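Peer 1: Here is the input, now give the coordinates:
(chains A and B)
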There are 2 protein chains.
Amino acid sequence: MPSYKLTYFPVKALGEPIRFLFTYGGTEFIDNRFNEEDWPKIKPTTPFGQVPMLEVDGKKVAQSTAISRYLAKQYGLAGKDDWEALEIDSTVDTIHDLRANIAAYQYENNETAKEEKLKRAKEIVPYYLERLDAQVGKNGGYFVGGALSWADFVFVGVLDYLNYMMKENIIEKYDNLKQLKQKVEEIPAIKSWIEKRPPSDL
Amino acid sequence: MPSYKLTYFPVKALGEPIRFLFTYGGTEFIDNRFNEEDWPKIKPTTPFGQVPMLEVDGKKVAQSTAISRYLAKQYGLAGKDDWEALEIDSTVDTIHDLRANIAAYQYENNETAKEEKLKRAKEIVPYYLERLDAQVGKNGGYFVGGALSWADFVFVGVLDYLNYMMKENIIEKYDNLKQLKQKVEEIPAIKSWIEKRPPSDL
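Peer 2: Take a look at the predicted model:
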């Protein structure tokens, strides 16, 4: 069994889908959380100045989506064939497009531009969520193929971060997405992870 | 052989890695290009309001990265094992982070915010390119594993778009990346595709 060390800020956000996957797979990993003030020291030790970073037997790799897909393959959560893998990958990238639209507002420093981006986010969030909700409705309560996949972990894992940025429960009106969240959070391994993980707003 | 139809604007940008892959694989596809004024009509026919969209025997799928990975698997360009697939995926997402930083500038409507984002892009472009160049240097002239992969197609495929947005040849100072571009463009199938494709600035 390789040694795994995940380095990230002390938040859920982009780290949480990876933590869900390790937990689901029953794989031990070092959950290395660092505080904001240590970031300037850590940044130069990462491949492209970004976290999450995973070390596998000391080999460093960046990009949360790539890392999540790699782990999902090991745990049988990456689709039963190439077509399902494509549908899962497409869904994950769509979820991250939704996130990027919200983040464009959250991290905008210019006040006028920030207002414009909030307006755009308020339009685009329901546009995406209606379609994601319908997708889950059509696919037996999961995003793809009527079965749990890492796309479900990505959505539920980053949801608190999206809610934090939008200052509301963005899935309030979407029953299929609410049921999906509940289903993921009731998986025994995920349930016990949620109970023991360090608390964080986002 | 399934029927493939790729729908996108009449530009290279996010469509070109997919077109490179079809061409490399010797797979016929409908290269369906539409003009800007037809976008409002086409947008509602896409899964999440975005292109490129691929139709495989009529089944629609979005997200250029997911589509590219799916094709790359068929043509043996997705790595020789899961670890290489991870390194390729991580590289592709890094290239798209670079693109997103440039696009944040390109598509900013607020003049003050646009200037700030250009400043940020001018810092981040060399930061990424130095590291991508070094990666190619360390890996035998390709991004991963000393062999052609779809990460190379993504980089070379989107490069004209990045150059267009930055109004300069961003790889001018990076010899490994320049050699990589040349190598990809000299692959016989890619070479003849480049000769016959409709011209476009980006």
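Peer 1: quick one: the longest helix along chain A to helix B:111-138, angle?
Peer 2: Across chain A, the longest stretch assigned as helix under DSSP state H is helix A:111-138. In terms of direction (axes from the mean of the first three to the mean of the last three Cα atoms, to 10 degrees), helix A:111-138 departs from helix B:111-138 by 60 degrees.
Peer 1: Give me the distance between helix A:111-138 and the centre of its chain.
Peer 2: Computed by Cα atoms, centre = their mean, to the nearest Å, the separation of helix A:111-138 from the middle of its chain amounts to 17 Å.
Peer 1: ok, the following helix or strand past it near chain B or not?
Peer 2: Elements were assigned by DSSP states H and E; along the chain past helix A:111-138, the next helix or strand is helix A:150-166. No - applying Cβ under 8 Å from any Cβ of the partner chain, one finds that helix A:150-166 is not in contact with chain B, the shortest distance being 10.8 Å. (C-beta placed from N, C-alpha, C; glycine too.)
Peer 1: Dump helix A:150-166 to PDB, keeping only the CA atoms.
Peer 2: In PDB, the C-alpha atoms belonging to helix A:150-166 read as follows (Å, rounded to 0.1, in the frame of the first residue of the first chain):
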ATOM      1  CA  TRP A 150     -16.900  10.100  -8.000                       C
ATOM      2  CA  ALA A 151     -19.100  12.800  -9.700                       C
ATOM      3  CA  ASP A 152     -21.500  12.400  -6.700                       C
ATOM      4  CA  PHE A 153     -18.600  12.800  -4.300                       C
ATOM      5  CA  VAL A 154     -17.300  15.900  -6.100                       C
ATOM      6  CA  PHE A 155     -20.800  17.600  -6.000                       C
ATOM      7  CA  VAL A 156     -21.500  16.800  -2.300                       C
ATOM      8  CA  GLY A 157     -17.800  17.400  -1.400                       C
ATOM      9  CA  VAL A 158     -17.700  21.000  -2.800                       C
ATOM     10  CA  LEU A 159     -21.300  21.900  -1.900                       C
ATOM     11  CA  ASP A 160     -20.600  23.600   1.400                       C
ATOM     12  CA  TYR A 161     -17.900  25.700  -0.300                       C
ATOM     13  CA  LEU A 162     -20.400  26.800  -3.000                       C
ATOM     14  CA  ASN A 163     -23.100  27.600  -0.400                       C
ATOM     15  CA  TYR A 164     -20.500  29.600   1.600                       C
ATOM     16  CA  MET A 165     -19.700  31.700  -1.400                       C
ATOM     17  CA  MET A 166     -23.300  32.200  -2.400                       C
END
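Peer 1: List the buried residues in the very next helix or strand once past it.
Peer 2: Taking DSSP H and E as the definition, the helix or strand that follows helix A:150-166 towards the C-terminus is helix A:175-185. Within helix A:175-185, the residues that qualify as buried by neighbour count (16 or more other Cβ atoms under 10 Å in any protein chain shown) are A:Asn176, A:Leu177, A:Leu180, A:Lys181, A:Lys183, A:Val184.
Peer 1: pLDDT at the second one, what is it?
Peer 2: Listed pLDDT for A:Leu177 reads 98.
Peer 1: Chain B contacts on chain A?
Peer 2: Taking Cβ under 8 Å from any Cβ as the criterion, the neighbours of chain B within chain A are A:47-50, A:61-63, A:65-67, A:69-70, A:73-74, A:82-83, A:85-87, A:89-90, A:92-94, A:97, A:100, A:104, A:108-110, A:112-113, A:116, A:127-128, A:131.
Peer 1: switch to 7 Å and redo it
Peer 2: Taking Cβ under 7 Å from any Cβ of the partner chain as the measure of proximity, chain A contacts chain B at A:48-49, A:61-63, A:65-66, A:69-70, A:73, A:82, A:86-87, A:89-90, A:93-94, A:100, A:108-110, A:112-113, A:116, A:127-128, A:131.
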